[in-house]
Structures are given as C-alpha cells and as structure tokens.
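Peer 1: pasting the structure only:
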C-alpha cells in the first residue's frame, strides 16, 4: 500500500496523540485497540486533526504498557492484527488523516527473541550472535554494578544475570534491556523495521527516548552532584547526577541521519521524544540533517503565569519551526489539572493551545484535551503504573491515562466491562457525546479553532510565514503574516489596542464560524485568546 505522501506534509498539520489502551475499546475486553481507533476516525476528522500518533501496539508483556516491545513487526492480539492495522491506515488515508507510529529503539522487552537468545535460551550459536545486541559488563572491582548510572524509573540502571555473572544495562525497568547501538547489526535490524511499517503505509514515526540510544563507549560513571537522599523519588535520584555519559551522546545522530534518509524516500515524518528542557540542548538533539523535528517538553512543565508561558514560547528561537508543541501527553499531568482545574484550568489550556496552534512547528493535542479533561481519579488500590510503586502513587502516570469518556452509562461508553485501568466515572458534561451538540462546549471550541487554523494556513500560506512574539503585561501576542493571536493570561480583563480586521476565533464563547469585525481597542476577558486576520 502506498503512503499518501507529499514533501513535508507536516508543515501546517495538527497532530493528535492516541494512548491506545485508553482510547476506544471495540470488543469489550476493557482495553482500547486498533479497531476502536478506526471506529472513531469520523470523530477525529470532525475535530480537524491531520495526523494521529498511536502509542505502541506491538506484542508486549505489558510491564511498561507497551513500551517493552517483544516483536517490532507485528501487532499484539490485545490490540488487533496486521490486517486490522492495514484497514485503519487505508480508511484514515481516505479521510485525509495520516498515521504516525511509535518506535521504541532504546530498549526491547526482556521477552524479545534477541534478548532471550543473548541469555543463551536458544542455543550457543544464537547466544554468540545476539549477546552484543545488548550492553553487558562484568561487575565492578569488589562487586556491584559496573558504574553509577541510575535509571529513569529509579534505582541502579544495571541488572545482574546470575547465569553469566554479568550485568546488563537498562535505563528503564529491568525487563527493558537497552540495545547496543554501537553494534552495526542492531542498526541493520532497525532499517528493516522502519521499512516494514513504511511499506504498510505509515506516514511517520515518533522515536521514543530519542536522546538515549547510544551510550558512552567506555561506560564511564557520571559525575555525582550530591548523594542520593533516603527515600528520594525517581526524579530526585536522576537529578543527583550530571548525565554526561548515559544519555545525549552525539553518536545517536548517526542513527537519525540514517533513518532520515529512509524516511525521506517515503515522504515520512521522523520526529523524536527529545526530552530536554533547555533550548540549547534541543539544538544538539535536532541538527539540520537529523530528525525532521522533536517534541518540546517545556510547555508541560510550567505553571500558569505569563512569565513562564512567555519563556517556553520564545526560548527555542529559530529552532521553533522544527518543534512539536504539546500541552500534555501520556506521561504528564493533564494541562487543565496543572493549570488549576475546573473551568479556569480548561480556559487556560485552551488559551495556550490557541497560541500553540499558530506557533512555528506542529501542535499536537493529547486525547481528551479537546474535551477539557483533567486527570482521572484512580483509587490507590487501582493504580498500575510501575513508575509509582510502593505507595509512591503521586509519581505515577495513571491519572492522565484513564479511559476516554465517550458517553454516559457504565464506564463512560469506553467499554461494556471494567477498563484495564479502573477510575471514577466522568460527569456527563465531560463526555464527547454531551459536548458534540453543545455549541459552547470545549469540544466545539477546539473544532472551531482547528477549522480556523486550517483555513488560515491554506488561504494565507502561514507555514512559510515567520512568527513574531510580543508581550503586553499579562497578554502574549503572536503575529504571523496577516494573522494575530492574543492570549490574556490574567484572571482579570485586559485591554489591547489593535488595527482593524476580522475576528476569526475567540475562546470566550463565540459559536459562529463566520468572521466578525472587531474594534481597534479589544477587551480580552480573563484566561481567553483571540485569533484575528488583517484585511
């Protein structure tokens, strides 16, 4: 099947992240699946998104909910099969929606045949071939791990294999052994994996842990800033070290240059989970000949105030047009929760997303953001995330992963049985069913925003227009060609003097798609944004 490709089709596109386990359950087993996504393509088309990024659906034991892959070229039966995937791609393309899949190249599942062979479970010949697919080292002199590296999920980044007497590296769970990207055979395997999905019509890849693939050749210990305090969280443990040798090695760019050449041949969009909160660090992760783009995570780490919002918007500078901008994801507290919750949290999130919709680069909504969803309520006994074990439930990511509320009734219309992640039901007004026909709903506000965005990008060629940022106290203004976007971050009304033109969109209650004239002096209600066009 040929992909619907064009040169840099993502310029001017809007993305939508689907956390597959929690999006839509088609067979009432409590878990979202590919057929569920296919059944909601009409909803996604009406919303106005141009591509969907689907989190991993590959065969997996599920220790990290799909980010521990046991086979990169198949579909886990829990989510469907390759025939269903092909049908999803074909029908999405018929609707003008492209499909982006998740690549997990830093590590495999410990169930993957490569790792099982490396352990010697399929014979001596396979052990010799696959042992170097992973990173093994003898214990340190006197015993213990080979160096002082810690994992993203806390604790040492090394696990001991008693049968061989060696440690293997895992920057995440022990069931997620890291691949050895200094082995050319690993790179060859991954070339074939990319082509397998591109040949099935995939339009791009989001690369998980894009900053972590290649490790220091000598596996040197990281400089330690301070001792790890007793009871430290995973983030506190991580921050006790200066990460010079375990992540952000420049050799990873050779992998992405190789993949860029493959993707360019298919017109596919290669972008990464470029987790760095310093714009200078983003520069190093996104050289011009590397990945086409990368996620900018700073917007997911701010509180709601003009100073912090201003800094994350202007910080990336000239790199901005290669970034993907998102207010939330399956790993972070939902934006309406972070921004105060309730009506205020929803209004603030919509105002920020209005700015992001016209910023350089690619905006991406996280499923349910268009409904104004806050984090779901998960009881302590129902929490599942391995990041928050042993009572440290605040560290987990379950709240942002609760099932999508499609309607009223048991389990909010997600499934006829209790979902994989049990949570409190959402109020009826938070469901897609209730919001669909409510012109003042959050869902319809996002629909209008994306419709105006598409119209302006198509009519005025905004993808080629430079962006200028201005600030007037609590009001942040973006200018792009004939378009002006203004967001009032304050909890009080703000006044802004503007030239005459057309008011194309406002977050504060305008329900019509028809442009309207606006006066030179504009009064912005609290926590609101407007989009206007010079005439």
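Peer 2: In hand now; what should we look at? All figures in this text were calculated on a predicted structure; none of them were measured in a lab.
Peer 1: As a check, name the ranges of all helices in the stretch 1-150 of the chain.
Peer 2: Assignment of helices within the stretch 1-150 of the chain using DSSP state H, counting those that start in this stretch yields the ranges 34-39, 41-47, 82-94, 113-118, 124-130.
Peer 1: do the same with the stretch 151-300 of the chain
Peer 2: Under DSSP H, counting those that start in this stretch, the stretch 151-300 of the chain gives helices at 184-198, 234-239, 252-266, 279-285.
Peer 1: by contact count, what packs against the lengthiest helix in the chain?
Peer 2: In the chain, with assignment by DSSP state H, the single longest helix is helix 442-460. If you count contacts as 3 or more CB pairs under 8 Å, 6 or more residues apart in numbering; DSSP states H and E, helix 442-460 packs onto helix 41-47, helix 342-358, helix 432-436, strand 501-506, strand 528-534. C-beta: built from backbone N, CA, C; applies to glycine.
Peer 1: which of those has the lowest average pLDDT?
Peer 2: If you rank the helices and strands packed on helix 442-460 by mean pLDDT, strand 501-506 sits at the bottom with a mean of 90.
Peer 1: strand partners of that strand, parallel vs antiparallel please.
Peer 2: Here strand 501-506 has these sheet partners by DSSP bridges: strand 516-518 (antiparallel), strand 528-534 (antiparallel).
Peer 1: Go through those strands and pick out the most buried.
Peer 2: Mean neighbour count, computed with mean count of other CB atoms under 10 Å, is highest for strand 528-534 among the strands paired with strand 501-506, reaching a mean of 23.
Peer 1: How far does that strand sit from its chain's centre?
Peer 2: 27 Å (CA atoms, centre = their mean, to the nearest Å).
Peer 1: Apart from its neighbours in sequence, what residue is nearest the most centrally placed residue in the chain?
Peer 2: Centroid-nearest residue in the chain: residue 329, 5.0 Å away (criterion: CA atoms, centre = their mean). In this structure, residue 329 finds its nearest non-sequential neighbour in residue 366, 5.4 Å apart by CB to CB, 6 or more residues apart in numbering.
Peer 1: partners of the one you found in the sheet?
Peer 2: If you apply DSSP bridges, the partners that residue 366 bridges to are residue 17.
Peer 1: surely it meets residue 330?
Peer 2: Yes - shown here, residue 366 and residue 330 form a contact pair, counting by CB atoms under 8 Å, at 7.2 Å.
Peer 1: Those two: which is more packed in?
Peer 2: Higher neighbour count among residue 366 and residue 330: residue 366, with 24 against 19, using other CB atoms under 10 Å.
Peer 1: among the helices of the stretch 1-150 of the chain, which is the most enclosed?
Peer 2: Burial of the helices of the stretch 1-150 of the chain is given as mean neighbour count (mean count of other CB under 10 Å); helix 34-39 ranks first at a mean of 22.
Peer 1: Tell me which residues touch residue 31, please.
Peer 2: 21, 25, 78-79, 415, 419-420 (CB atoms under 8 Å, 6 or more residues apart in numbering).
Peer 1: Between the residues you listed, which sits nearest residue 152?
Peer 2: residue 21 (20.3 Å; CB to CB).
Peer 1: Skipping its backbone neighbours, what lies nearest that closest one in space?
Peer 2: residue 32 is the one closest to residue 21 (CB to CB, 6+ apart), at 5.0 Å.
Peer 1: Pretty sure that neighbour sits against residue 38.
Peer 2: No - using CB under 8 Å, residue 32 makes no contact with residue 38, being 11.5 Å away.
Peer 1: returning to what we had before: would you list the helices of the stretch 151-300 of the chain in CSV and tack on mean neighbour count?
Peer 2: Formatted as CSV, the helices of the stretch 151-300 of the chain follow (neighbours: other CB atoms under 10 Å):
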stretch, mean neighbour count
helix 184-198, 15
helix 234-239, 15
helix 252-266, 18
helix 279-285, 17
